[in-house]
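1. Here is a sequence together with a model predicted from it:
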Amino acid sequence: MSNVPPRGTRIAHVGLAVTSLHETLPLYRDVLGLSEVPLDNADGACIAGLSAGDALVELLEAESPDSPIAKFIAKRGPGIHHICFSVDDLDATLERCRAAGVRLIDERPRLGAEGKRIAFLHPSSTAGVLVELSEH
């Protein structure tokens, strides 16, 4: 871990499942005035990133009909897909989750769209919300 002082847990981004980036992006970029932030595609989604203060909004469009985003939209329709909290120490946070009986989707951290270590918590343990954890 680096010598950066701890910043505490904060919102890193909110992921929104959309049927079309082409149709949705203009609302957030042109009408609401959010600036685009380049992000890599990940987990079967084409991702458009937008700056919203200290947090990002990720617009997530399915790359294929069997991707997680396509399945989410088929079941629930477009909308909020997940919220990501940035934490100082992902490994310690995951250990606290395990100790508290929180169901993990990712037992071990992996690299996410921003090149940061991430892990997802299962919605069955988080009041129905898909929670992503990201290390600063």
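-> Structure's in. What do you need? Small disclaimer: the values here were computed from a predicted structure and weren't measured.

2. partners of the worst-scoring helix or strand of the chain on mean pLDDT in the sheet?
-> Confidence across the helices and strands of the chain bottoms out at strand 110-111, with a mean of 94, counting by mean pLDDT, DSSP states H and E. Taking DSSP bridges as the criterion, strand 110-111 forms sheet pairs with strand 117-121 (antiparallel).

3. So which elements touch the helix or strand following the partner strand?
-> The first helix or strand that comes after strand 117-121 along the chain, using DSSP states H and E, is strand 131-135. On a contact count with 3 or more CB pairs under 8 Å, 6 or more residues apart in numbering; DSSP states H and E, strand 131-135 meets strand 10-18, strand 79-87, helix 90-99, strand 117-121. (C-beta placed from N, C-alpha, C; glycine too.)

4. and these as CSV, adding distance to residue 39 and mean pLDDT?
-> Shown next, in CSV, are the helices and strands packed on strand 131-135 (distance: least, CB to CB, whole Å; pLDDT from 0 to 100):
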stretch, distance to residue 39, mean pLDDT
strand 10-18, 9, 97
strand 79-87, 12, 97
helix 90-99, 19, 97
strand 117-121, 13, 97
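
5. Could you look up the SS state of residue 7?
-> coil (DSSP: H, G, I helix; E, B strand; the rest coil).

6. swap in residue 26?
-> Residue 26 - assigned by three-state DSSP - is helix.

7. Neighbours of it, how many?
-> 11 (other CB atoms under 10 Å).

8. For stretch 8-28, which outside residues touch it?
-> The set of residues external to stretch 8-28 that reach it, using CB atoms under 8 Å, 6 or more residues apart in numbering, is 34, 46, 48-50, 54-61, 69, 72-73, 76, 78-88, 93, 132, 134.
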